[in-house]
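Asks: Take this sequence and fold it.
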Amino acid sequence: MTDSGQQRPDLERHALDPEAEWSRPINVCPCSSCTRYFVGQIKKCLAFPNGIPNEIITGQHLHRTPYPGDRGIQYEPRWGD
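Replies: Numbers count the residues shown, from 1 in each chain. Have a look, this model is predicted:
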């Protein structure tokens, strides 16, 4: 509510409302949990030392299967699976 007693439309939405800004998923690079990821280097890993393809960074291709140019190296979980 505002000081005048009116409800604020932007606060009427429930936190689980899929249209609410705060309920949208956070994009996290799946590569950050891989043992082959070069921590501290943006978008680089053992499979792609010159840059990880956007399809893998965005999760469109889960790198548990071969991907062109990966040199035979796929995702390996850092903390178990």
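
Asks: from here on, contacts and neighbour counts on C-alpha atoms
Replies: Noted.

Asks: Near Arg71, how many other residues are there?
Replies: The criterion is other Cα atoms under 10 Å. On that basis, Arg71 has 11 neighbouring residues.

Asks: Kindly report the same for Thr65.
Replies: Here the neighbour count serves as a burial measure; for Thr65 (other Cα under 10 Å) it reads 11.

Asks: quick one: secondary structure of it?
Replies: The local conformation at Thr65, judged by DSSP: H, G, I helix; E, B strand; the rest coil, is coil.

Asks: isn't it right next to Glu76, touching?
Replies: No - counting by Cα atoms under 8 Å, Thr65 does not reach Glu76; the two are 10.8 Å apart.

Asks: Look up the pLDDT of Gln7 for me, please.
Replies: Turning to Gln7, the model gives it a pLDDT of 54.

Asks: if I look at Thr65 and Glu76, which residues touch both of them?
Replies: Common neighbours of Thr65 and Glu76 (criterion: Cα atoms under 8 Å, 6 or more residues apart in numbering): none identified.

Asks: pLDDT weak spots in the chain?
Replies: Scanning the chain for pLDDT under 70 picks out the ranges 1-28, 80-81.

Asks: if you set the cut-off to 80 instead, what comes out?
Replies: Confidence mapping of the chain against pLDDT under 80 gives the ranges 1-29, 41, 79-81.

Asks: so what's Phe38 up against?
Replies: Contacts were defined as Cα under 8 Å, 6+ apart; by that measure Phe38 touches Lys44, Cys45, Leu46.

Asks: Quick one: these as a markdown table, columns for neighbour count too.
Replies: A markdown table is the format used below for those (neighbours: other Cα atoms under 10 Å):
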| residue | neighbour count |
| --- | --- |
| Lys44 | 18 |
| Cys45 | 22 |
| Leu46 | 17 |
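
Asks: Kindly reformat those residues as a markdown table containing distance to Gly59 and secondary structure.
Replies: Listed next are those as a markdown table, based on distance: Cα to Cα, whole Å; DSSP: H, G, I helix; E, B strand; the rest coil:
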| residue | distance to Gly59 | secondary structure |
| --- | --- | --- |
| Lys44 | 15 | coil |
| Cys45 | 15 | strand |
| Leu46 | 18 | coil |
